[in-house]
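Asks: With the sequence up front, the predicted model follows.
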Number of protein chains: 2
Amino acid sequence: MTRTRFHQNLDDLKERLLVMAGMAEQATQRAIEAYRVGDVSICDLVMRSEPAINRMERDIDQMALDLLAMEQPMAIDLRFILSVIKINADLERVGDRAVKIAERVRDLQTVPAIELPVDIPKLAMLAATMVRNALQAFIDGDASMAEKVLTMDDEVDELNRAIFRTLTGCIKAQPEHTQQALNVLLIARNLERVGDHATNIAEDVIFWVRGADVRHHLATG
Amino acid sequence: MTRTRFHQNLDDLKERLLVMAGMAEQATQRAIEAYRVGDVSICDLVMRSEPAINRMERDIDQMALDLLAMEQPMAIDLRFILSVIKINADLERVGDRAVKIAERVRDLQTVPAIELPVDIPKLAMLAATMVRNALQAFIDGDASMAEKVLTMDDEVDELNRAIFRTLTGCIKAQPEHTQQALNVLLIARNLERVGDHATNIAEDVIFWVRGADVRHHLATG
């Protein structure tokens, strides 16, 4: 395998990871859409996407493994492949979070719908933006964009804490709505976890790119 | 680097991962001990262990990276190194779960202590056993032991669901204890997550060992 062919394979690996990312993002968006409109059939769609996401995770791992086995990659390529493996695992878990959210939405449909004064769509939007920006940082190899994702995580955590406080108050005031409030609380937690996975991805991008910087420094220093 | 030296390095990597596992296990045990006795000073110990666990994660990743870079490993060794990288990430997140539990225990000390009819120590014991068995499966390269861990996860999920139902009932009956019940509910969720990480580790062991089986099959077939 020539060096050029190897780099073509790296590009294919990256491409595949982006497809995986699209699947995980779509699952999350659907889960939140299911919450927003209270539609159980969308929950089913999310549940059904899980096996495909799991298969894709294994395929990408295998591609990465084959690349490591076939060639003795340079340090920068090694770091890239390792980043892909780690990001892949996080994307699979974003898909898992989407399923957990869908389960909560389904449970919510078994009890009377009530209005709760918490902004789940805002939290979802923040978490989804973190994932998208982390992936954009990966596509562009942009460590400073990745660092901005880390900052956003504080915002997500803060909003999540506020939602927790509000829902605790709601439950105390109207214990008959405990089930609804708890489901929403767990949806918020799962969205916070999506943000955590975006943070992990951003950290992997920094690890990969900083490796590049170090190599560059050594090469020119 | 001779082949033997390379395998010595693989052993060192495994050894280091087991130290990491010990740190993550200790953090979890301490967090549960803090819950059991209601001791905030133990929570502080757990919080202070986080930077060391994070550093250890990075060290292990670097060792794995160096091994991949220095040698062109055979497929079975590649799978082993990749498993270490993935298990490493899961152990770091077990440490994160311990910190989250410690945070909840700390919050519990700000409100009157009450008895809740849920068996958190049992859930903690199950989750800790899963982690220990997954690591034992890793040490022994024992895929069937790893498969038993996957079965235990169902038990953890079931107990967690029962705790969720019980606490929902407690909150409805005594809304003045909402804060206590929510904290305990989140402790249970975090323990369930520890079980999930043990499941991930067990799956990585299976991936690694099955790779060995395949190779063996090809070699002798």
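Replies: Received, thanks.
Asks: alpha carbons only for contacts and neighbour counts from here, please
Replies: Fine.
Asks: Could you point out the longest helix of chain A?
Replies: Secondary structure of chain A per DSSP state H: the longest helix is helix A:178-220.
Asks: Could you figure out how far that one is turned away from helix B:178-220?
Replies: Counting by axes from the mean of the first three to the mean of the last three C-alpha atoms, to 10 degrees, helix A:178-220 lies at 50 degrees to helix B:178-220.
Asks: Could you measure from residue A:161 over to residue B:187?
Replies: Residue A:161 is 15 Å from residue B:187, where distance means C-alpha to C-alpha, to the nearest Å.
Asks: Neighbour count: those two, which is higher?
Replies: residue B:187 (26 against 15; other C-alpha atoms under 10 Å in any protein chain shown).
Asks: Measure how far the helix or strand encompassing residue A:147 is from the centre of its chain, please.
Replies: Assigned by DSSP states H and E, residue A:147 belongs to helix A:143-173. In this view, helix A:143-173 has its centroid 16 Å away from the chain centroid, taken as C-alpha atoms, centre = their mean, to the nearest Å.
Asks: tell me the contacts of the spatially most central residue of chain A?
Replies: For chain A, the residue nearest the mean C-alpha position is residue A:94 (4.2 Å; C-alpha atoms, centre = their mean). Residues in contact with residue A:94, defined by C-alpha atoms under 8 Å, 6 or more residues apart in numbering or on different chains, are A:24, A:25, A:28, A:193, A:194, A:197.
Asks: Verify the contact between the first one and residue A:53 for me.
Replies: If I follow you right, that is residue A:24. Yes. If you go by C-alpha atoms under 8 Å, residue A:24 and residue A:53 touch, sitting 7.3 Å apart.
Asks: Mind checking which of the two has more residues around it?
Replies: Between residue A:24 and residue A:53, residue A:24 has the larger neighbour count (other C-alpha under 10 Å), namely 26 against 23.
Asks: how about that one, secondary structure?
Replies: Under DSSP: H, G, I helix; E, B strand; the rest coil, residue A:24 falls in the helix class.
Asks: And for residue A:118?
Replies: Residue A:118 is classified as coil under three-state DSSP.
Asks: For stretch A:99-116, buried residues please.
Replies: For stretch A:99-116, a neighbour-count test (16 or more other C-alpha atoms under 10 Å in any protein chain shown) marks A:99, A:100, A:101, A:102, A:103, A:104, A:105, A:106, A:108 as buried.
Asks: The fourth one sits in which helix or strand?
Replies: With the criterion set as DSSP H and E, the secondary-structure element containing residue A:102 is helix A:75-108.
Asks: Tell me the one among the contacts of residue A:94 nearest to residue A:205.
Replies: Nearest to residue A:205 among these: residue A:197, at 12.4 Å, using C-alpha to C-alpha.
Asks: residues contacting the closest residue to that closest one other than its chain neighbours?
Replies: Nearest residue to residue A:197 in three dimensions, chain neighbours excluded: residue A:90, at 5.5 Å (C-alpha to C-alpha, 6 or more residues apart in numbering or on different chains). Shown in contact with residue A:90 (C-alpha under 8 Å, 6+ apart): A:197, A:198, A:200, A:201.
Asks: ok, the second one touching residue A:147?
Replies: No. At 11.1 Å, residue A:198 and residue A:147 do not qualify as touching, with contact defined as C-alpha under 8 Å.
Asks: Between the two, tell me which one has more neighbours.
Replies: Set residue A:198 next to residue A:147 and count neighbours by other C-alpha under 10 Å: residue A:198 wins out with 30 against 18.
Asks: quick one: the more buried one from residue B:197, how far?
Replies: In terms of C-alpha to C-alpha, residue A:198 sits 18 Å off from residue B:197.
Asks: One more: residue A:202?
Replies: In this view, residue A:202 and residue B:197 are 21 Å apart by C-alpha to C-alpha.
Asks: higher neighbour count, those two?
Replies: residue A:202 (31 against 25).
Asks: quick one: contacts for that one?
Replies: A:134, A:135, A:137, A:138, A:143, A:146, A:147, A:149, A:150.
Asks: Now the two most distant members of the residues you listed.
Replies: A:138 and A:150 (13.9 Å).
Asks: Between the two, tell me which one has more neighbours.
Replies: Neighbours per residue (other C-alpha under 10 Å) separate residue A:138 from residue A:150, with residue A:138 holding more: 26 against 20.
Asks: Local confidence estimate at the closest residue in space to the more buried one that isn't next to it in sequence?
Replies: Excluding the flanking residues, the one nearest residue A:138 by C-alpha to C-alpha, 6+ apart is residue A:205, at 5.6 Å. For residue A:205, the pLDDT comes out at 94.
Asks: Please apply the same query to residue A:215.
Replies: Looking at residue A:215, the pLDDT reads 38.
Asks: before we move on, back to that, and the helix holding residue A:102, how far from the chain's centre?
Replies: Chain-centre distance of helix A:75-108: 5 Å, with C-alpha atoms, centre = their mean.
Asks: Tell me which helix or strand comes right after that helix.
Replies: According to DSSP H and E, the helix or strand after helix A:75-108 is helix A:120-140.
Asks: So for that following helix, what gets flagged as buried?
Replies: Neighbour-count burial for helix A:120-140 [16+ other C-alpha under 10 Å]: A:120, A:123-124, A:126-138.
Asks: So which elements touch it?
Replies: helix A:3-37, helix A:143-173, helix A:178-220 (3 or more C-alpha pairs under 8 Å, 6 or more residues apart in numbering or on different chains; DSSP states H and E).
Asks: In chain A, what helix or strand scores lowest on average pLDDT?
Replies: helix A:178-220 (a mean of 83; mean pLDDT, DSSP states H and E).
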